[in-house]
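Novice: What follows is a predicted protein model with its sequence.
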Amino acid sequence: MKNMNKKSTLLVLSLIGLLVSQCGVLDQDIDGNLSTYISVNETRTDTDIPYATTNFIDASSDLDISDNLDKISDWSVTEISYKVWGFYGDPSTTISGTLGFSRPNENTPSITTNVSSVLLNTISDDDTNHKVSLTENQLNTIAGYFKEDQAMKIYVDGILSQGPVYFDLEVFAKVKVKAKI
């Protein structure tokens, strides 16, 4: 009986040792909202004013993500959205055009989506994220930008219906990452 207890104890200790040795690397899921601001300050008083700018969303804009950048093994992007803040101008001012996305070192967007007649006064300061229509393949491509470069370039190219106008555009990338801890 003593021999059986010793074998059982050794088996249990071996299993515990095996479990502990495998716990050195665990995957942790981290949700994050990466974002950037684009300020639009158009002083012209014309109509149909062309507007174009670029900016970047950097993975370090979310503390949980930036603290684990060297440990991230997988990226997914579940949504791209935007908010408009602090609109000042004629209440009937709209913007139409495209939002584009690419790797940070590219000069043209590899992914674009149309934005049509967005009434800026109506959506300003409503604290709503307005979802950008993108396919799963496009979201996966954007996830690849973050995996390879930890950033994404954003292009805003369109027409403001009239000026002068001022507002801030905040663009978000809702991400999920797996980090080895």
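Specialist: Looks like it arrived, so ask away.
Novice: Doesn't L134 belong to a helix?
Specialist: No. Counting by DSSP: H, G, I helix; E, B strand; the rest coil, L134 falls outside a helix, being coil.
Novice: can you give me phi and psi for it?
Specialist: The phi/psi pair for L134 (degrees, to the nearest 10) reads phi -130, psi 150.
Novice: tell me which residues in the longest strand out of those in the chain are buried?
Specialist: Selection of the longest strand in the chain by residue count, based on DSSP state E, yields strand 72-89. Buried residues in strand 72-89, defined by neighbour count with 16 or more other Cβ atoms under 10 Å: 72, 75-77, 80-84, 87, 89. Yep, even glycine has a C-beta here, placed from its N, CA and C like the rest.
Novice: CA atoms of whichever helix or strand comes after that strand as PDB?
Specialist: Downstream of strand 72-89, the next assigned helix or strand under DSSP states H and E is strand 94-102. Provided in PDB are the C-alpha atoms of strand 94-102 (Å, rounded to 0.1, in the frame of the first residue of the first chain):
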ATOM      1  CA  THR A  94     -22.300  68.700 -45.000                       C
ATOM      2  CA  ILE A  95     -19.300  66.700 -46.000                       C
ATOM      3  CA  SER A  96     -19.200  64.100 -48.700                       C
ATOM      4  CA  GLY A  97     -16.200  62.100 -50.000                       C
ATOM      5  CA  THR A  98     -14.100  59.200 -48.900                       C
ATOM      6  CA  LEU A  99     -12.300  57.800 -45.800                       C
ATOM      7  CA  GLY A 100      -9.300  55.900 -46.700                       C
ATOM      8  CA  PHE A 101      -6.800  53.600 -44.900                       C
ATOM      9  CA  SER A 102      -3.400  52.300 -45.600                       C
END
